[in-house]
Each structure stands twice: as structure tokens, then as C-alpha cells.
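J.: Using only what follows, build the 3D model:
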Amino acid sequence: MTTLRNCGTIQLPRQAFPPRHSITLLRHLALPVAGSFTPRLVSVRRRSGRRPILFVETDVPESVSMTDSNSIPSSAHPAYTEIVVVRHGETEWNADKRIQGHVDVDLNEVGRQQAALVADRLSKESKISAVYSSDLKRAFDTAQAIADRCGGIEVIKEPGLRERHLGDLQGLSLSEAAKGSPEAYEAFLSHKTSQDIPVCYMSITIFGVFLTLYWIVVYWKGGGESLDKLYERSTSSFQRIAAKHRGERVVVVSHGGTIRSLHKRACPSERPAKILNTSVHIFHISDVDEWTIKSWGDVSHLNQTGFLESGFGGDRTSG
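T.: From the prediction side, this is the model:
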């Protein structure tokens, strides 16, 4: 049964939004009742010498008071999950511009300070229901700082949020990778999303009895993931988290390459800007699996700290 309510009023500038434009305007309004509640235009009342008022109606539960829009809890958005995605703090390998991949590198002192700053910022915003993290230490320690500052929430490890595995390139600087593993490095920079990082190997010739020739292939570290594989595992993990926390606000701490995959899922035709250490990105995932980016690359918590220029990765050479 439809319950018609006055959802409060929205005052509009008289010149900017005359009544004939109100329907169009309504579609773009971020009303506090957005989510499973669908606002509809009732009327626009014009008052002599004063701004017009837009009246809307919606289907709402009886338990929700609509007399004061500010009284609606921030978590009352059951039609989507808000996920605050944070890149981990800086490591020594970030500072040295060295490729990390799945190598478990600790935060350095700068990274720990960055984690404290983003944690303090998030503690002052809307309530966080859960904190998820890649199981690599640089992400987990950043997530732990956030969880501790936001009420002692337990950090949930999610291996699917790991950085891209980069095989033989892990531990190398970009210049070392280009010289020492040219095939793997070329695959790393390739625009072919199905391209795996090839295995680096050497062939050893052994002369045995009767001069029989044998070839033994010795595998060196192993190959790495394609961008398609990274995309599949990271977006699948993200979707599971969103489905589990419908109507809630959660934090996910991950890595530059992984966050780029999430951006691709939400905005496949756009290329994201560089993703700095502890940058904040806000996604809304709807109950019909529509992904929307509400903000991207916010590092305002690092302003005037000297930490903005020290990050490495997060662009197409991320790792």
C-alpha cells in the first residue's frame, strides 16, 4: 500500500528552477530518502516575493519520521552499500620505486603516519560498520589503524583484495625490470588485458651417458597475473562485501592495481588518475549491482603534511 507523505520541503532559487523544470530537477536531487525510497514530485508552490517550494512524496516505512530530513540516519540506504576504498600507506619499496606485487612489505614511518591521518579522518565521518583488508601487511596495518580509531572494529582479511601478482618482476625497480626481465616487463606494460606476466626461466644443457642431450627448464620465481585475472578476483571480492553489507558503510583497504580494477568496473570507458598512498575513493554498489563512484582520489587528510609527493604506483605501472 502506498503511503503518501510530505518529505519536507526543498527551497529553490526562483530564477534557476521554475516549475516547468521541476521534474528534471527532481531526478538529480540527492534527497536524504534516496535508496529504496523513490521520491515523486507533488507540486511546486510559488509564493509572492519569495522562493518557490518543491513538495515531494514517497513510499516510506511508518517507522521513519520524515518531518525532519536531518533526523534520518546516515545508514538508512538499504538499496546500496557505501564502500570507502583506501590505498595502503607508504612502504620502503614505494619510496624506492620498487615493484611489490605479492611480496609482503611493511609500512615505513611515513606510511604509518599516513595511516594514522586517514584513520583520524574517517573516525570523524559517518559510522563504519566493517573494515576489510587485503591480507598483505601494508594494507592490513593501514586497515588496523582505521579500525582502532573507528571504535575497535575487527579487520576482516580478504585475499581477493591483494595487489596484482607480478612474478619475476617483484622486488625489482622499473629500470631493473626493463633490463633484467624484458619480456615480463613488456607484458607488465602491455595494454592487452589477457596478457599474463610470463615465467622467466633458463635452460640448462646436460650431457649424459652416450652424449644424450637433455634440456631442463628451471623456473625462476614464476609468472604473474593478467589484468583480466586481477579484475575478476578483485571485483568478485568487492561484490561479495557489498552484498553482505547492504545499507551500510564499510571500509576496504587495498592496493593501487586492485583499486584501478574497481574503477574499471564502475567506469569502463574512463582512465583513473594516479592513486596515491592512503587516497580515499567512495563507491556506491546498488542492490542491482550498479557501481557508482561518488568521489575519487581524495587526499585532503594529507594536505600540508609533506606526504603527497612520496607515493609510488597506483598508475599503470602500479605494483
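
J.: My read is that Glu225 contacts Asp196, right?
T.: Yes - using Cβ atoms under 8 Å as the test, Glu225 is close enough to Asp196 to be in contact (6.8 Å). Placement of C-beta: from N, CA and C, glycine included.

J.: Comparing these two, which residue is more hemmed in?
T.: Per other Cβ atoms under 10 Å, whichever of Glu225 and Asp196 has more neighbours is Glu225, with 22 against 18.

J.: where along the chain do the strands fall?
T.: Taking DSSP state E to define them, one finds strands in the chain at 9-11, 40-47, 50-57, 80-87, 130-133, 155-157, 200-207, 213-220, 249-254, 280-286, 291-298.

J.: Just checking: what are the partner strands of the fourth one?
T.: Paired neighbours of strand 80-87 in the sheet (DSSP bridges): strand 249-254 (parallel), strand 280-286 (antiparallel).

J.: now the ones you listed in a markdown table, with distance to Pro272, mean neighbour count and mean pLDDT?
T.: As requested, the strands paired with strand 80-87 are exported to a markdown table (distance: least, Cβ to Cβ, whole Å; neighbours: other Cβ atoms under 10 Å; pLDDT from 0 to 100):
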| stretch | distance to Pro272 | mean neighbour count | mean pLDDT |
| --- | --- | --- | --- |
| strand 249-254 | 14 | 26 | 98 |
| strand 280-286 | 9 | 20 | 97 |
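
J.: Low-confidence bits of this structure, can you list those?
T.: 1-78, 200-222, 308-319 (pLDDT under 70).

J.: Could I get the full set of helices for it?
T.: Assigned by DSSP state H, the chain shows helices spanning 22-28, 92-95, 109-123, 137-149, 174-180, 182-189, 227-244, 256-266.

J.: Output these as JSON lines; include the columns distance to His301 and mean neighbour count.
T.: Below are those laid out as JSON lines (distance: least, Cβ to Cβ, whole Å; neighbours: other Cβ atoms under 10 Å):
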{"stretch": "helix 22-28", "distance to His301": "29", "mean neighbour count": "12"}
{"stretch": "helix 92-95", "distance to His301": "18", "mean neighbour count": "19"}
{"stretch": "helix 109-123", "distance to His301": "4", "mean neighbour count": "20"}
{"stretch": "helix 137-149", "distance to His301": "11", "mean neighbour count": "23"}
{"stretch": "helix 174-180", "distance to His301": "28", "mean neighbour count": "15"}
{"stretch": "helix 182-189", "distance to His301": "31", "mean neighbour count": "18"}
{"stretch": "helix 227-244", "distance to His301": "23", "mean neighbour count": "18"}
{"stretch": "helix 256-266", "distance to His301": "17", "mean neighbour count": "23"}
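
J.: If anything else comes up later, I'll come back, but that's it for now.
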